[in-house]
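Visitor: no FASTA, just this:
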């Protein structure tokens with residue numbers, strides 16, 4: 001696979017329609033059931049790890065066998081609902097995470113390919129513009145806006161012979 005073209009994929013109109021329809025179906029099911037946390041809330045609520053998940057499942061199992069251990073202020077039925085919801089969401093989330101990673105990786109490689117290709121075109125346009133090829137200067141002027149350069153102010157510098165003498169006083173190599 002050449003370095004300048006790491007991937008070459010395309011989607012048919014039917015595939016795009018199927019993807020959009022499938023995603024819309026997923027969203028229609030989950031949107032009324034899910035929450036959207038702020039970054040601060042994500043930190044506050046954290047994430048339940050595997051060990052804590054196992055502890056929760058074990059505890060809920062004990063509450064089903066021994067309802068008297070549930071404090072009066074908790075709803076035992078809600079515990080079961082939460083456990084069941086996590087059982088449904090967990091494998092879906094894992095599967096979607098894998099799909100996301102594949103799409104994200106592919107998106108990055110396509111971006112890498114695309115940038116390398118357009119930068120080659122840009123460099124060619126720049127060279128053609130310097131050679132005054134008719135009609136190219138307008139293209140170059142438009143494309144070079146992507147790479148604004150910083151113009152540093154010109155500083156008038158007057159050397160100080162006394163300072164020069166102390167800097168290179170023979171104690172350091174020149």
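Guide: Everything's here; your move. Since we're looking at a predicted model, the values are computed, not measured.
Visitor: what residues are up against the residue nearest to the spatial centre of the chain?
Guide: Centroid-nearest residue in the chain, with CA atoms, centre = their mean: residue 104, separated by 7.5 Å. With CB atoms under 8 Å, 6 or more residues apart in numbering as the criterion, no residue contacts residue 104. In short, each C-beta sits where N, CA and C put it, glycine included.
Visitor: Phi, psi for it please.
Guide: phi -60, psi -40 (degrees, to the nearest 10).
Visitor: ok, now how distant is it from residue 111?
Guide: Applying CB to CB, to the nearest Å, the value for residue 104 to residue 111 is 11 Å.
Visitor: Which neighbours do those two have in common?
Guide: With CB under 8 Å, 6+ apart, residue 104 and residue 111 have no common neighbours.
Visitor: circling back: for residue 47, see how far away the residue nearest to the centre of the chain is.
Guide: From residue 104 to residue 47 the distance is 20 Å (CB to CB).
Visitor: Going along the chain, name the helices of this structure.
Guide: Along the chain, counting by DSSP state H, helices occupy 13-30, 39-45, 50-65, 76-130, 136-143, 161-167.
Visitor: Relative to residue 5, which of those helices is closest?
Guide: With CB to CB, the closest approach to residue 5 among the helices of the chain belongs to helix 76-130: 5.6 Å.
Visitor: The closest one - what's its average pLDDT?
Guide: Helix 76-130 shows a mean pLDDT of 95.
Visitor: Please work out the angle formed by the directions of that helix and helix 13-30.
Guide: If you take axes from the mean of the first three to the mean of the last three CA atoms, to 10 degrees, helix 76-130 sits at 150 degrees to helix 13-30.
Visitor: how distant is helix 76-130 from the center of its chain?
Guide: 7 Å (CA atoms, centre = their mean, to the nearest Å).
Visitor: Pull the number of nearby residues for the nearest residue to residue 37 once chain neighbours are set aside.
Guide: Nearest residue to residue 37, sequence neighbours excluded (CB to CB, 6 or more residues apart in numbering): residue 45, at 6.8 Å. Using other CB atoms under 10 Å, residue 45 has 10 neighbouring residues.
Visitor: closest one to residue 149 among the helices of the chain?
Guide: Of all these, helix 76-130 comes closest under CB to CB, at 13.0 Å.
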